[in-house]
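Peer 1: here is a sequence together with a model predicted from it:
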Amino acid sequence: MAKYAVNDAAVEHARKLIEGRQYVLDSEWGEVQPDAAAQNAYLDSHSWDQYAEWHLGLTDGANDETKARYAFVYGDFRRIHRTGLIACVYRASEWRHKDVELAAHDLLQLLDAKSG
């Protein structure tokens, strides 16, 4: 099973999005989660560092600047989605990636506090 480190740049980016009220509180994550085409379109006009900021996990052993390196996407490349954070918490806890789970959980708590 792959191992993941928390992507501190993504955590900081998510915090800024929350502080800037750039979030969606109600969405169907399965419908808005970026698919391969959306990821490729984003990479056509953004850097790998910007792409990485949307992923809470960094895959241990995967090369930088490859999609395999980045895991646990939490937004649609414009806004953070509450359901995306919930999915990150769930997936990380399911596979026992505790650090990623806790990072996503903390962001979810911040989002809920900010959004009232």
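Peer 2: Now that the structure is in, tell me what you want to look at. Remember, it's a predicted structure, so these values are computed and weren't measured experimentally.
Peer 1: poorly predicted segments of the protein, please.
Peer 2: Residues of the chain meeting the criterion pLDDT under 70: none.
Peer 1: show me where it has its strands.
Peer 2: Secondary structure of the chain by DSSP state E: the strands cover 4-6, 23-24, 55-59, 70-73, 80-81.
Peer 1: and the third one, what does it pack onto?
Peer 2: Helices and strands touching strand 55-59, by 3 or more Cβ pairs under 8 Å, 6 or more residues apart in numbering; DSSP states H and E, are strand 4-6, helix 8-19, strand 70-73, helix 82-94, helix 98-115. (C-beta placed from N, C-alpha, C; glycine too.)
Peer 1: quick check: which of the ones you listed is buried the most?
Peer 2: Mean neighbour count, computed with mean count of other Cβ atoms under 10 Å, is highest for strand 70-73 among the helices and strands packed on strand 55-59, reaching a mean of 23.
Peer 1: related to what we said a few turns ago, which one of the strands of the chain lies nearest to A38?
Peer 2: Across those, A38 has its closest neighbour in strand 70-73 (10.0 Å, Cβ to Cβ).
Peer 1: who does that closest one pair up with?
Peer 2: Here strand 70-73 is paired, per DSSP bridges, with strand 55-59 (antiparallel).
Peer 1: contacts for the partner strand, please.
Peer 2: 2-7, 10-11, 14, 52, 68-74, 88, 92, 97, 100, 103-104, 107 (Cβ atoms under 8 Å, 6 or more residues apart in numbering).
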